[in-house]
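[1] Need coordinates for the below:
(2 chains)
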Amino acid sequence: MSSVTNNTQSAQESDLQSVLSAEQIEKTVSGPSGQLTILHALDIDVRSSEATAIVGPSGSGKSTLLGILAGLDSPTSGTVTMLGESLNELDEDGRARLRAGKVGFVFQSFQLLPGLTALENVMLPLELSNTDNAEERAHGMLEQVGLADRTSHQPLQMSGGEQQRVAIARAFVARPALLFADEPTGNLDSATGTKITDLMFSLREEQGAALVLVTHDDRLAQRCDRCLKMADGKLVTL
Amino acid sequence: MSFMHQLRFTWRALRRDFRAGELRVLAFALIVAVASVTAVGFFTDRIGRAMERQAADVLAGDLLATSGFPIPQEIHDQANSRNLDTAMHTRFPSVVINTEDESQLVAVKAVTLGYPLRGALQLSTLDDPDNDAPLGVPSPGSVWIDNQLKGILAISQGDTLTLGARDFLVERLIVYEPDRGENVFEIAPRVMMNTVDLESSELLGEGSRARYTLLMAGEIEPVGDMRDWLDENMADEVRVQSVQDGSPQLQRALSRAQRFLGLASVVTVLLAGAAIALAVRQFALRQSDASAVLRTLGASRREVVIWLVLRLCAIALLASFIGVVIGWFAQLVLAELLVTWFKLDLPTPGLWAPLVGTLTAFIAVAGFGLMPVLRAGRVAVMRVLQRDYSGLDSSLLVTTLLGLVATYFVVLLQSRDWLLSAIVVAGVVLMLAVFAFFGRYIVKLVRVLAGKRFRLSVAGLQRRAGSSVVQLAAFGMGIMALLLISIVRVDVLAAWEQDVPEDAPNVFVVNIQPDQVEGFRQRLDEQQIDSAGVFPMVRARMVSHNGKPILSNPEDERQQRHARREYNLTYSDEQPLANEIVEGEWWPTDGTAEPAFSIEEEWATDRGYEVGDMLTFKVAGVETSAKIANIRKVDWESFQVNFFIMASPAALEGMPATFVTSFHSDENFSTATSGWAREFPGIAALDIGAIIKRIKLLMERASLAVEYVFLFTLLAGICVLLAAVQSSQAERKREAAILRALGASHKQIRESIVAEFAILGAIAGFLAAMFATGVAWTLSRYVFELPFHFNAFLWVVGVVGGAIGISVAGFLATRAVLDTPPVVALRHNA
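    Residues are numbered from 1 along each chain as shown, chains lettered A, B, ... in the order given. Prediction:
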């Protein structure tokens, strides 16, 4: 069992609803020298509007954990519950349906679709969740991230910072309950990184989304409500 | 997501794909495939049909039924019920007498209105051979005659001739008679009359030797149907002939043209298929990242796959449309060129060709694209976080099998031959296997041999072992197809040129009596005419084969016909020039040869005769027997005097014979042969210049079609090269960025890329030359029946051309690699 439990949560936090919880999750992969355990029986609970940072050195299993929590990958054992539904009982398409419009992502490598314009990229989650006024809302969101004049630009025509702002607009446009961010400033210089972080946190606060942030940037982690550290596939509270 | 949403999303993705140039190669390959399939389809359909009609000229109809008795009414009824056009002619020997009371044996042909159904007579007035006269059939009470009779009886315009019980006005001179070439040894001059005059002239009495022919013409299907009916029900009553049984020269030219067009279109489709396979795979690979992002954002696998499939369908549909339009225009141009030649309306293009074109696009996209697209839909979503998560799961076997099934059906659509398609697919599998197997080892060998300078390039090839082998196979296939089509094309065209040489004999002289031979030879010398020799011709009936009488059942009409038939035999010590022994041996040429026969290959095959069989012929009441000593292959296109049956002098010498010769004359036929008829009474000089001219024209036009289709093959070849080059572009971009980051100059990277492609091109060219030689040998020998020439130049072109061509294509296609700033390449591929 991990050394981290939710008994450290404050009374105020416990009033909030759990949007994501993982119990006893373990991930084992087969490697050249036999079975390799990446995650060791982790428990984690994320409440609505709460920002949780997961920090740790490269190779400690942060991204694997994020993938499992977001339903992008399945644990070898243990259960994950997202927005009240058990991911274990859903197949991959079921998990995708659950994410549509309710879960946002910000990636280190932006993951914008090349060839689509900024506006079209931001419209994607709305279209996937069959939301009306997709174009109007995407426009509004791009305005909010300061890219009203770049709507028809394609990712390769934009700087890294601009691309990440488009990615943030895409993540928030559907007003998700839960946001996953994987090293969002990893590909940016420090000044741009700070601006992006400010933008992300202000939008999160405004929309009240829960955030799970994977980073090795301590300053970024400190802006979260709580910080968990991963080491050798285990979590410790900081 | 609702269906309308999906369509909208697909539409947007398509626009994006085109904007990003993702689909350029795929669309290009599809367009070339559809355009070539459609154009070739139109060629073989429209022009092929028209060429058959041209060949039908020599029969004057699409289908002929001939008998020694009037054609049964049932046959007329059957032809009418199939809405076929019909006409009749009746041929028989007779004698005409001019006003000077001179008589001449003639071959009379009485025709009905509508003759000829195919081709056209060329007529003139008797005074002026260059003055075209209107067409039709002889009006009742008048006859048309040929040059030969005009010369013999010195007939002028307005003269009368007595034929049977009536006098006839000589109305026209027949300059060209389309079906005259059917039997050039029909020696008597021609008199053509109207059938309505037959009765009043009392020409056909009891026991007269008349041949009645019903000519039929119409659309392909009813004609084919009629032929089947005749073969089934009337085989004993009538002799059936159609275009396929027509003149051997025309038939060969036509079937070679069709085979070449068929081969070129199959090769084109194969190449375009390979390009489609590469491009679709590339498309799916690139979509796997987008697929992961979309699924992260909430799209289901099904939705992702539906979008990809819808996009591919939309591309296939769009490319089909453009391809069909291009194919249509391509054939229009050629059809326009040919219309004047055919002198008839080309058959309307059918819907089959565009349908096949569109089907080809969809089969290719489904066969080559389905598995990669399904795999792109199943790509691990974790790729958005960790790129080392597997991109595509490897169901290579299923993908390959599906691709081969698609190849099979695409080829089948072209060839409409189950077995041939299977052979082609097996050939492709074998070739790809060889390329994959040897390619790997050759790359290793090159690495050992390559100096320091090319280490980077060869290392590049080895690093991308998988895609290098794919590229090698694609380049190899492209180069092989181009080499193959080039050699076969050149060989086919050259063979046609040689088949009917400029100095091909255009005059045949027959019925030279033995005592005229010397005088006639001298006459030729005086006129400086170079003949190919004067051959004896013995008319004989066949009596028995291996002791079994030919007429074993006197009730059997067919046997009767065979037994009645007269053959023209010749004898000689020497083996004729345009003849090749395929079985057995030629007899001794020193005069010691025993009696023996030599027979023509197809004639032997049709009857099942073999070397060693005993044949007995009857010549003027005397029987002569001998064994078959050898079987000959005759080059009919040589237009020399050729015989189905030849004998050693011992078998036929001393038997009643006339002599025959042929020669080429640049002079006008009438001038060249003027006075001969009176000097050598009884000889007949026949002008076959018009026939040769038409055959040459047919070959020229067919060559044009061949060259035209070759253009499409070239385009398809370029498509494959582009698709193959493009398949490694992303990898190269990243590598070049790393190298430049490490300090490599533009020049170094460019040299490395060019050298890598040059090595790849040279290896592919070498293997391609090897395959092309093998396949060309097989095709020459078994399909086109042409002599095969080993072509060392092919290997040079293969290796050097491959190296230069691929490196230039590779360099041009990867210019973007050098133009991309390393930081962009690295960031984009992070």
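
[2] So what does the residue of chain A found nearest chain B look like in phi/psi?
    Among all residues of chain A, residue A:100 sits closest to chain B, at 2.6 Å; criterion: CB to the nearest CB. The way it works is simple: take the backbone N, C-alpha and C, and place the C-beta from them, glycine included. Dihedral angles of residue A:100 (phi, psi; degrees, to the nearest 10) stand at phi -50, psi 120.

[3] cool, residue B:211 as well?
    According to degrees, to the nearest 10, residue B:211 has phi -110, psi 120.

[4] Tell me the secondary structure of the residue nearest to it when sequence neighbours are not counted, please.
    Using CB to CB, 6 or more residues apart in numbering or on different chains and skipping the chain neighbours, the partner closest in space to residue B:211 is residue B:91 (4.7 Å). Under DSSP: H, G, I helix; E, B strand; the rest coil, residue B:91 falls in the strand class.

[5] what do you get for the one 5 residues further on?
    Secondary structure assignment for residue B:96 (three-state DSSP): strand.

[6] Was I right to think it contacts residue B:161?
    Yes. Because the distance of 4.7 Å satisfies CB atoms under 8 Å, residue B:96 is recorded as touching residue B:161.

[7] Show me whatever sits in contact with both of the two.
    B:153, B:191 (CB atoms under 8 Å, 6 or more residues apart in numbering or on different chains).

[8] hang on, the earlier thing: let me know the secondary structure of the residue nearest to the residue of chain A closest to chain B when sequence neighbours are not counted.
    The shortest distance from residue A:100 to any non-neighbouring residue, by CB to CB, 6+ apart, is to residue B:298 (2.6 Å). Under three-state DSSP, the three-state class of residue B:298 is coil.

[9] dump the residue contacts of residue B:545.
    When contacts are taken as CB under 8 Å, 6+ apart, residue B:545 is in contact with B:607, B:609, B:613-616.

[10] Make a PyMOL selection of whichever of these turn out to be buried.
    Restricted to buried positions by 16 or more other CB atoms under 10 Å in any protein chain shown, the PyMOL selection for those reads:
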select buried, chain B and resi 609+613+615+616
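
[11] Could you export the contacts of residue B:545 as a markdown table, including secondary structure, pLDDT and distance to chain A?
    Output for the contacts of residue B:545, formatted as a markdown table (DSSP: H, G, I helix; E, B strand; the rest coil; pLDDT from 0 to 100; distance: CB to the nearest CB, whole Å):
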| residue | secondary structure | pLDDT | distance to chain A |
| --- | --- | --- | --- |
| B:607 | helix | 80 | 70 |
| B:609 | coil | 89 | 72 |
| B:613 | coil | 93 | 76 |
| B:614 | strand | 93 | 81 |
| B:615 | strand | 92 | 79 |
| B:616 | strand | 93 | 84 |
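
[12] Show me which residues of the longest helix anywhere in chain A are buried.
    Secondary structure of chain A per DSSP state H: the longest helix is helix A:190-207. By neighbour count with 16+ other CB under 10 Å, helix A:190-207 contains the buried residues A:192-193, A:195-197, A:199-201, A:203-204.

[13] show me the contacts for residue B:74.
    Residue B:74 neighbours (CB under 8 Å, 6+ apart): residue B:234.

[14] so which helix or strand takes in the nearest residue to residue B:790 once chain neighbours are set aside?
    Distances taken as CB to CB, 6+ apart place residue B:773 nearest to residue B:790, at 7.2 Å, with adjacent residues excluded. Assigned by DSSP states H and E, residue B:773 falls within helix B:746-778.

[15] Who are the packing partners of that helix?
    Applying 3 or more CB pairs under 8 Å, 6 or more residues apart in numbering or on different chains; DSSP states H and E, one finds that helix B:746-778 makes contact with helix B:418-449, helix B:455-463, helix B:465-499, helix B:729-741, helix B:792-796, helix B:802-813, helix B:815-819.

[16] Other residues contacting the last one?
    Here helix B:815-819 makes contact (CB under 8 Å, 6+ apart) with B:729, B:732-733, B:736, B:746, B:749-750, B:753.

[17] Look up how far residue B:426 lies from the closest residue to residue B:795 other than its chain neighbours.
    Once flanking residues are discounted, residue B:795 sits nearest to residue B:769: 4.5 Å by CB to CB, 6+ apart. Between residue B:769 and residue B:426 the computed distance is 21 Å (CB to CB, to the nearest Å).

[18] Between these two, which has more neighbouring residues?
    residue B:769 (26 against 12; other CB atoms under 10 Å in any protein chain shown).

[19] the bottom helix or strand of the chain by mean pLDDT?
    Went with chain A since none was named. Every helix and strand of chain A was ranked by mean pLDDT, DSSP states H and E. The lowest is helix A:11-14, at a mean of 44.

[20] Next secondary structure after that one?
    Taking DSSP H and E, what comes next after helix A:11-14 is strand A:18-31.
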